[in-house]
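Participant: no letters, just coordinates:
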């Protein structure tokens, strides 16, 4: 490999392509294999799978206080009622589960109350008074309602019983999926146990990393002591037999602010050994061993949604390989099972330090004991531009960037960013090379992503053959009526 000269990397830029919605990737020197010196701030950030479920943007307070003035309020009863627009009612009948603040026509507190409490269970009705089920109410998010059920829930006890039932179903489903895809837990013992609305559990995300379960309660209606108790009880009863040692709640600071949530418990929700609660461990994905720390990293700590794509990429990889936005080495280490030379690039020093730790843990499974693996902390855009212009060549390139479009307004900039990365990668691939290109921006559709790569191929003068179209792993189910669950795209191409 021919790394760029040090003088080519003056440091991070103040901005790149203003208004593009792209994340900056500061450039830093090369971190060679087995080195612990990795310089530079920042971490690869992706929209956490399912975080689209947790919030939109914070709704103006006046909007939340005034919808009742739009039409005469419904008759007050024992439960609070939210009256919604025809557009929102049609969405619910079509299978979606969200109602936005702009579609709320009346907020009707329960009899004797002056307002609907944040996180309350509410009856949902259309403008004609027809019932549309029971939902969780948020007083601060643009997603005012998250529907729990099409039927009316009688009380809080029924709600908690429903939570328990759905939790256990989701956990048992994952156990079956893992058993079908892995011979033993030593191959894969980490997965998403609960995927929010995709499992009919709005605002609840649970990941398992070996003996650790990580819980996120991301909505006003689920960030509650009684819900937390139900979650802990279900996890213990379902997973202690499989070696569950600790349950940790990991809040998301941004969502906590948007949802105006109170503090989460700092101590583990459960620990088999309370004197020494487990907060870090190793877990397995596809037979490779990865480090996990409950107090560090993105999302709940790792990107489990790419597990099946890691294996698929390795199946098509060959020769000299490049993994752009490697984070903690997920794609890179899978490629190193079949490729003698692998370079992993990321903007985060902390992530690359964990990647190095993961490399050491797995060297016996890698080609030439992983001696051909190296890490580079760099600005992905600038690095690929420099390398493509200087005729650097690879046989396999993986692009797994952060989410460039977290809103519809950011889509245009995101498309430019995706095209730039793919254009540079296509120019750097040898004839017969493999391109693995990913997008985790749910706002950028699969059709748009295909178009971006097709345009990049034309500009690069390359003939691109589609080999596989992939999405998130099976434990991140995609629901047809919930397009937000279909956020991850992973396309594998042969480039001539």
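Facilitator: The structure has been received and is ready for your questions. Nothing here was measured: the structure is a model prediction, and the numbers come from that model. Numbering: from 1, shown residues only.
Participant: ok, what's across the strand from residue 435?
Facilitator: Taking DSSP bridges as the rule, residue 435 bridges to residue 397, residue 493.
Participant: would you map out the domains in the protein?
Facilitator: Listed domain ranges for the chain are 19-49+303-495, 53-154, 157-279 (source: automatic domain parsing).
Participant: residue 292: which of the ones you listed is closest?
Facilitator: Ranking these by proximity to residue 292 (CB to CB) places domain 157-279 first, at 4.3 Å. (C-beta placed from N, C-alpha, C; glycine too.)
Participant: give me the mean pLDDT for the closest one.
Facilitator: Mean per-residue pLDDT for domain 157-279: 92.
Participant: so where do the helices sit in the stretch 51-200 of the chain?
Facilitator: 51-54, 61-65, 86-93, 156-181 (DSSP state H, counting those that start in this stretch).
Participant: using a markdown table, lay out these together with mean neighbour count.
Facilitator: Formatted as a markdown table, these follow (neighbours: other CB atoms under 10 Å):
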| stretch | mean neighbour count |
| --- | --- |
| helix 51-54 | 24 |
| helix 61-65 | 12 |
| helix 86-93 | 17 |
| helix 156-181 | 16 |
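Participant: okay if I get these as TSV plus distance to residue 413?
Facilitator: TSV is the format used below for those (distance: least, CB to CB, whole Å):
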stretch	distance to residue 413
helix 51-54	18
helix 61-65	27
helix 86-93	28
helix 156-181	36
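Participant: over to residue 449. Which of the three states is it?
Facilitator: Following DSSP: H, G, I helix; E, B strand; the rest coil, the label given to residue 449 is helix.
Participant: any idea how far it is from residue 405?
Facilitator: 11 Å (CB to CB, to the nearest Å).
Participant: neighbour-wise, which of those two wins?
Facilitator: residue 405 (25 against 22; other CB atoms under 10 Å).
Participant: is that one located within a helix, as I assumed?
Facilitator: No: checked against three-state DSSP, residue 405 lies outside a helix; its state is coil.
Participant: quick one: residues contacting residue 306.
Facilitator: By CB atoms under 8 Å, 6 or more residues apart in numbering, the contact set of residue 306 is 330, 331, 400, 438, 472, 473, 488, 490.
Participant: name the element the second one belongs to?
Facilitator: Taking DSSP states H and E as the definition, one finds residue 331 inside helix 330-335.
Participant: buried residues in that helix, which are they?
Facilitator: For helix 330-335, the neighbour count (16 or more other CB atoms under 10 Å) marks 330, 331, 332, 333, 334, 335 as buried.
Participant: next up, the contacts around the fifth one.
Facilitator: Taking CB under 8 Å, 6+ apart as the criterion, residue 334 is in contact with 286, 288, 310, 311, 313, 314, 317.
Participant: pLDDT-wise, which helix or strand of the protein ranks last?
Facilitator: Sorted by mean pLDDT, DSSP states H and E, the helices and strands of the chain end with helix 61-65, the least confident at a mean of 40.
Participant: chain neighbours aside, what residue packs nearest to residue 293?
Facilitator: Spatial nearest neighbour of residue 293, chain neighbours left out: residue 280 (4.4 Å); criterion: CB to CB, 6 or more residues apart in numbering.
Participant: all the strands of the stretch 201-350 of the chain, in order from the start?
Facilitator: Ranges of strands in the stretch 201-350 of the chain, per DSSP state E, counting those that start in this stretch, are 204-209, 212-217, 246-249, 270-271, 280-285, 288-293, 320-324, 341-346.
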